[in-house]
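1. here you go, sequence then predicted model.
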Amino acid sequence: MKLWVDIQKTSKGKEKPQVFVQTENYPGPKDIVDGKDDEKERYKNIKAYNFKDYKDCDDFSFIQEKSLAILKSNYQTEHALEGQALSSFINDLSAGPKYDNLDPFNQMQDEKVTFCNLMLPYWRTEYDDKANELKVVDGKKYPDDNQDKEGKNSAATPAEWLASALPSRWSNWDEFMLLYTPVNGMKGRLWQDQPLVTEGANSEGKNMESLLDFKIAQVSNEDLKGLKSKDKKKLIKHDKIFGLEKAIEKWREVYGVYIYCSDKHFVKVFQDQVKRVAEMFDVLDKKELPKIKLRSTRRNPDKKQKDDVRDWPAWKPLELKQKWNDYIKERTGSRIKNLDDWLKKWHDAIQGVRGDLVKERDSAKGKKEKSEDSKERVDYLDKFIDRIDAVKKAFDNKGELKNPLA
């Protein structure tokens, strides 16, 4: 995981400090399962999660795999706490109350500045005199690939060191987990405040947030690729129910996120990571950042005159640990609420079409003369009524996902 602070230009051309996060140096599923002997030993206790039969759309049994040896594909490496939580926390602080401008030359000509503007000189990745680099923090080396020829860890910027709270190939690697790819994608969108489902478009071509209006999920050319002519006709004929099928597929993936986040191992790792980040914020805020000595120089065009050299004030603690704890607790609670609300809304919509399907099926069954098409339709309707019932059973038995930070 890499975290850094830099300048980003807005659409109006103004410069704005921004916090960025980038994942790197993750071991992939193949490294974990089929890697070298030292990698296999390192990752042997990593947990993997998937549906018991991920190919069976009626299977809602989301489980922890018993053996990594069976994993071949359809997994992504992830860790409980999303890296974006760090950057969004800092950017959220920047959207809040402003702070006294510490720049001795007041180059921005503002008495008050945002948190990002305040932190930029102290946290930035590149700085001429390297004064804001941490050699060793609390006697611990920075676990990254920034090593000299003797294998000793070189300096890290405050932002880089903070990012090392999350697992990498060098530290806390037992906190990595393998997660079924569609579920992992849903988890990422949940934490990034993105719509969980964006498929489908209404009659005006605008993107829809959901598939709740099942008619928008029309069979596409992509869905018809590779099918024989009779299979294409069959799929098109059952077009409306195809929309329902897509909706259930998405509900199942979001349900997987819910069950995954309820897992004891996930909860423990999540709590440990949140606590680790909190302690590192405290070390930075109260111990390391106040040590940083910054100096700015304004060149004098008259070479006979001395340049104007001024020292920046020392960093004053801002209780970042408490701010982080408050933020991540509230954010986790709001994500869980969003998850609960989404699952119930979609569950209710899916259950809402059951009556119509049952009525159509019973009507088809009651006909004295049954064509092959009507028999096929009955079978098709029976399958989806069962699938709707499977959604209800999963919803009723999912339990309550509690905020692990409350």
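-> Received, thanks. Treat the numbers as computed from the prediction; the structure is a model and nothing was measured.

2. run a quick neighbour tally on residue 345.
-> 13 (other CB atoms under 10 Å). No exception for glycine: its C-beta is placed from N, CA and C like everyone else's.

3. assumed it was part of a helix.
-> Yes. The assignment for residue 345 (DSSP: H, G, I helix; E, B strand; the rest coil) places it in a helix.

4. state the helix or strand in which residue 159 lies.
-> helix 158-163 (DSSP states H and E).

5. what sits up against stretch 397-406?
-> Contacts to stretch 397-406, defined as CB atoms under 8 Å, 6 or more residues apart in numbering, come from residues 255, 258-259, 261-262, 267, 270-271, 274, 325, 328-329, 332-333, 336, 339-340, 343.

6. all helices of this structure, in order?
-> 29-34, 37-42, 84-94, 115-123, 158-163, 181-191, 221-224, 229-237, 239-262, 264-283, 320-352, 354-366, 372-396 (DSSP state H).

7. mind checking how far residue 297 is from residue 157?
-> Distance from residue 297 to residue 157, counting by CB to CB, to the nearest Å: 21 Å.

8. of the two, which one has the most company?
-> Shown here are residue 297 and residue 157; by other CB under 10 Å, residue 157 has more neighbours (22 against 11).

9. my guess is that one contacts residue 122, does it?
-> No. Between residue 157 and residue 122 there is no contact under CB atoms under 8 Å: 9.3 Å.

10. now do the most centrally placed residue in the chain, the pLDDT please.
-> Geometric centre of the chain, nearest residue: residue 188, 2.7 Å, by CA atoms, centre = their mean. Here, the pLDDT recorded for residue 188 equals 91.

11. and it, what is it in contact with?
-> For residue 188, the contact set (CB under 8 Å, 6+ apart) comprises residue 82.

12. same check on the one 5 residues further on?
-> Residue 193 makes contact with no residue under the criterion CB under 8 Å, 6+ apart.

13. what about 10 Å?
-> 84, 88, 331, 334-335, 338 (CB atoms under 10 Å, 6 or more residues apart in numbering).

14. now tabulate those in JSON lines and tack on neighbour count and pLDDT.
-> Listed next are these as JSON lines, based on neighbours: other CB atoms under 10 Å; pLDDT from 0 to 100:
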{"residue": "84", "neighbour count": "16", "pLDDT": "83"}
{"residue": "88", "neighbour count": "19", "pLDDT": "86"}
{"residue": "331", "neighbour count": "18", "pLDDT": "95"}
{"residue": "334", "neighbour count": "12", "pLDDT": "95"}
{"residue": "335", "neighbour count": "20", "pLDDT": "94"}
{"residue": "338", "neighbour count": "14", "pLDDT": "92"}
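
15. distance to residue 313 added to those, as a markdown table?
-> Below are the contacts of residue 193 laid out as a markdown table (distance: CB to CB, whole Å):
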| residue | distance to residue 313 |
| --- | --- |
| 84 | 31 |
| 88 | 28 |
| 331 | 31 |
| 334 | 36 |
| 335 | 38 |
| 338 | 41 |
